[in-house]
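# Make a model of this:
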Amino acid sequence: MRTPPEGITVGNRYEKDEIEATFDTGFGYQISGINPRRDSQDKRYVLLFANEDGPYGDSVTQGRFEYIGEGLSGDQSESSPGNSVLIDAISSGTPVHFFYQDSGDGEWEYQGLVDVHDYRFERQDGRQVLVFEMEHQEEH
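Numbering: from 1, shown residues only. Okay, the predicted model is just below:
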């Protein structure tokens, strides 16, 4: 899914159920940060979420930003499903659709496609976490 589905526009805000309906997917009780998915042609894509009040200190701004990998306790792993799909996206070009939520707001702003450039392990709060270097793609 190299382009967002019809009805999803950069800069617009969406409720969880709108995102589920438009991307034809379900998140269960709540949205997790990294959501590997497959489209109707069985091509992989990722729905990526960050929020201001989230458990990670993601530094998210337009342009280049850092995103903390998945895993709330202990050392994070390159082989976990979400982290491995982001690592693969560096070389495979897997489309990553990025949503951001402001503090206390139930809606998610679609910020478009992002590129995953690199990752590294970093020690934070006594454990190893994966820090992904990402960049918002230019709108065409």
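# Just want the most central residue of the chain.
Leu48 (1.6 Å; C-alpha atoms, centre = their mean).
# Quick one: the strands in the protein, in order.
Along the chain, counting by DSSP state E, strands occupy 13-14, 34-38, 44-51, 64-68, 96-101, 108-124, 127-136.
# for the record, mean pLDDT for the last one?
What strand 127-136 shows for mean pLDDT is 94.
# Identify the neighbouring strands of that strand in the sheet and state each direction.
Strand partners for strand 127-136, identified by DSSP bridges, are recorded as strand 64-68 (antiparallel), strand 108-124 (antiparallel).
# Pull the number of nearby residues for Phe132.
24 (other C-beta atoms under 10 Å). Where C-beta positions appear, they are placed from N, C-alpha and C, glycine not excepted.
# so it touches Glu70, yeah?
No: contact criterion C-beta atoms under 8 Å: Phe132 and Glu70 do not qualify, at 10.4 Å.
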